[in-house]
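Trainee: I need the structure of the sequence given here:
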Amino acid sequence: MKTVLMTAFEPFGGEVLNPSWEAVRHFEGKVIDGARIEVRQLPVVFATCGDVLQEALDTLQPDLILSVGQAGGRSDITLERVAINVDDARIPDNAQQQPVDQPIVADGPAAYFTTLPIKAIVAALKQAGVPASVSQTAGTFTCNHVMYRLLHWIKTTQSRARGGFLHIPYMPEQAIHHAGVPSMASATVIQALETAVRVILRTNEDIRTPGGATH
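Mentor: Coordinates of the predicted model:
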């Protein structure tokens, strides 16, 4: 049986919840298209989030890694194309650290492209009535850090796993505290994540083009 690792983050930036975790935790122990789902919550801490992720990767040796994070202000599900090798924090993390222009992996590549079929996922989400798009930047906060680390793990271990990152909007429970900011119900995000996993598992060909550009 294949293994899918889904990760999400703890709350940060003064929020009392993180919509990524509220959605991802729903999948603990579930089976989708014959694949077992494992979930992990990651700290919003530059110094430890990548290590927590790598421990799960080394232990589970997953076939698919789908990491999810909050992007307050975005209005749709956004599939990230690229992670860059830099930590540059606009706000302090949950350990009150605020790195500026720091490499994630010393002497690592400048960037990694996702190995997920992001165009196919976006198309499937739109067909299901879920707003979605491709994003060209995962930012420079812990979301980008995690995306870079998971793709670095795939590359350096020569794993055949596929991996990538998607961002989701605030939940309505958060948006009421941010006037005019878009939101998306957790049930819709859960539907989107399940759809994404099914698309990836059913896309059998190996993806080597940058950002899944051919799909």
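Trainee: what's the first helix or strand after the helix or strand of the chain with the lowest mean pLDDT?
Mentor: Of all helical and strand segments in the chain, the minimum by mean pLDDT, DSSP states H and E falls on helix 172-175, at a mean of 92. Remark: after helix 172-175, the chain's next helix or strand is helix 186-202, criterion DSSP states H and E.
Trainee: how far does that following helix sit from the chain's center?
Mentor: On the basis of C-alpha atoms, centre = their mean, to the nearest Å, helix 186-202 sits 12 Å off its chain's mean C-alpha point.
Trainee: go on, stretch 180-188?
Mentor: Offset of stretch 180-188 from its chain centre (C-alpha atoms, centre = their mean): 17 Å.
Trainee: buried residues in it?
Mentor: Under the neighbour-count criterion of 16 or more other C-beta atoms under 10 Å, stretch 180-188 has Ser183, Met184, Ser186, Thr188 buried. (Each C-beta comes from the backbone N, C-alpha and C, glycine too.)
Trainee: same check on stretch 189-203?
Mentor: Neighbour counts over stretch 189-203 (16+ other C-beta under 10 Å) mark 189-197, 199-201, 203 as buried.
Trainee: dump stretch 42-53 to CSV, restricted to CA.
Mentor: Extracted in CSV, the C-alpha atoms of stretch 42-53 (Å, rounded to 0.1, in the frame of the first residue of the first chain):
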residue,chain,number,x,y,z
LEU,A,42,4.7,21.1,11.9
PRO,A,43,5.9,24.0,14.1
VAL,A,44,6.0,27.5,12.7
VAL,A,45,9.6,27.7,13.7
PHE,A,46,12.4,27.9,11.2
ALA,A,47,14.9,26.0,13.4
THR,A,48,12.7,22.9,13.8
CYS,A,49,10.0,22.7,11.1
GLY,A,50,12.3,21.1,8.5
ASP,A,51,13.7,18.6,11.1
VAL,A,52,10.2,17.5,12.1
LEU,A,53,9.3,17.1,8.5
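Trainee: average pLDDT for that stretch, rounded please.
Mentor: The average pLDDT within stretch 42-53 is 98.
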